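1. I'll drop the sequence and a predicted model, then ask my questions.
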Amino acid sequence: MPELPEVESVARSIINARPPLLGSRVVSVDAVWAGVVAGTSPDIFSATLCGRILQGVSRHGKYLFFELISDGHAISVALHLRMTGIVHICAADTAPGRHTRLIIGFDNGRALRFDDPRKFGRVWLVDTPADAIAGLGPDALSVGWEEFRQRLRGSRRQLKTLLLDQSFLAGIGNIYADESLFLAGLHPLRRSESLDDNDVARLYQAVKTVLDEAVGSGGANIDGVFKAGGYLVRVYGREGLPCLKCGSRIEKIRVGQRGTHYCPDCQLA
DNA sequence: CACTCTACCTGTGCGC
DNA sequence: TGCGCACAGGTAGAGT
């Protein structure tokens, strides 16, 4: 699930947690699977966090940041969910699940738990979020039109590949790349330099629309239909089914090793 | 710079 | 029912 909208909904759920996690003190850190901690040892990671107050939560692209202070000095924990990571807030004494990789306990009796079947997700320590996002493009949810246009104009790549490139725009993954291109009526293999300003504007609008919808519903769903009050997948995973706009058969191809879904009639090359 | 391939892991769903 | 295989929402790093 984790693309920008899913990560955003995790951030919001932490910010709005009751009883509040913000302002609570870390009292325990358990790297149930030691490999979840990158860049340092689980012991140092744990020792660095314990006793600190969770001050803030933020997001850039698919990266989540926890700002923790101690004696007025702030550090941050960066978290990337990768393919299958999930964050839960639960009671501090909840037993770890089969795929639980990290548990951070707080003095309010609650815990942040990171579960990840495939063990791709990682946490690490950074001085500031800016350190971790140095190589990333602007956040896809907040990027402005002018910057989007200029960055796209600076590239000569296939649109699908470009949208997935986090150094171009941070936060779009495979699902929302396909959804955005479908909504914009642009073929995934179309070259960015072939777009006119109208095309670029449609793509910008499509990215915004898709992400806004998805954030509003807490993210996409797993099996390609609905999620209660949720985001409706327009093309992703609909190979062989009729296009929602024109009824043509949705095609699936490979672009840069990624499954790519599109309508051959609505999305002209 | 653009692109491809591999690696990292486990779970699921399919064909047989 | 069980086995083997292809595939999966992401990214880093090496190689062409």
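-> Perfect, I can see it now.

2. which residues sit in contact with the residue in the stretch 101-250 of chain A that DNA strand C sits nearest to?
-> Nearest to DNA strand C, among the residues of the stretch 101-250 of chain A, is residue A:173, at 1.7 Å (CB to the nearest atom of the strand). Where you see a C-beta, it was placed from the backbone N, CA and C, and this is true even at glycine. Contacts here follow CB atoms under 8 Å, 6 or more residues apart in numbering; on that basis residue A:173 touches A:2, A:3, A:4, A:62, A:164.

3. Give me the number of neighbouring residues for the third one.
-> Read that as residue A:4. By other CB atoms under 10 Å, 25 other residues sit near residue A:4.

4. isn't it right up against residue A:172?
-> Yes. In this structure, residue A:4 is within contact of residue A:172 by CB atoms under 8 Å, at 6.7 Å.

5. circling back to that earlier point, tell me the phi and psi of the residue of the stretch 101-250 of chain A closest to DNA strand C?
-> Backbone geometry at residue A:173, expressed as degrees, to the nearest 10, gives phi -110, psi -170.

6. re earlier: any residues in contact with both of residue A:4 and residue A:172?
-> Common neighbours of residue A:4 and residue A:172 (criterion: CB under 8 Å, 6+ apart): A:140, A:211.

7. coming back round to it: among the contacts of residue A:173, which one sits closest to DNA strand B?
-> Comparing the contacts of residue A:173 against DNA strand B with CB to the nearest atom of the strand places residue A:164 closest, at 10.0 Å.

8. tell me the contacts of the residue nearest to the closest one when sequence neighbours are not counted?
-> In this structure, residue A:164 finds its nearest non-sequential neighbour in residue A:177, 5.4 Å apart by CB to CB, 6 or more residues apart in numbering. By CB under 8 Å, 6+ apart, residue A:177 lies in contact with A:160, A:163, A:164, A:188, A:260.
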